[in-house]
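Novice: sequence unavailable; structure follows:
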């Protein structure tokens with residue numbers, strides 16, 4: 001699966017939490033989303049003057065703050081549901097419940113666990129969540 005196929009798949013399964021998603025679909029979507037977010041943030045900050053980017057250093061620490069502008073906020077609103085649905089389908093591919101996405105609220109440890117799950121090879125053949133997305137495409 002290439003990036004264009006992955007993006008089409010994510011948007012065509014906009015709020016589909018059932019089924020499975022391959023690693024390539026998931027990671028191509030992540031890359032696409034990061035690129036689009038970066039471009040929209042740049043446009044917000046430089047051309048539209050909306051949003052805010054601040055960094056601070058001192059007292060032994062470094063701080064960073066980004067307030068989304070108009071375009072970044074609209075992008076986030078448009079893609080939060082398909083991103084969550086894709087995450088659930090990716091977890092289904094490795095045999096985990098989509099509810100495991102709630103681990104993201106556990107700082108560091110939860111994020112590491114989810115990273116490992118999203119990097120794992122999916123279950124070969126059919127599992128309790130459906131057919132193998134690699135053999136069905």
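Specialist: Yep, it's here. Fair warning: this is a prediction, and the values are worked out from it, not measured in the lab.
Novice: buried ones in stretch 63-74?
Specialist: Buried residues in stretch 63-74, defined by neighbour count with 16 or more other CB atoms under 10 Å: 68-69, 71-72. The C-beta positions use only the backbone N, C-alpha and C, and glycine is treated the same way.
Novice: and what of stretch 98-115?
Specialist: 98, 100-101, 103, 114.
Novice: ok so, going back, what's the most distant pair in the buried residues of stretch 63-74?
Specialist: Greatest spacing in those, by CB to CB: 68 and 71 (8.4 Å).
Novice: which neighbours do those two share?
Specialist: 41, 44 (CB atoms under 8 Å, 6 or more residues apart in numbering).
Novice: so in the protein, which helix runs the longest?
Specialist: helix 70-93 (DSSP state H).
Novice: can you list the buried residues in that one?
Specialist: For helix 70-93, a neighbour-count test (16+ other CB under 10 Å) marks 71-72, 75, 79, 82-83, 85-93 as buried.
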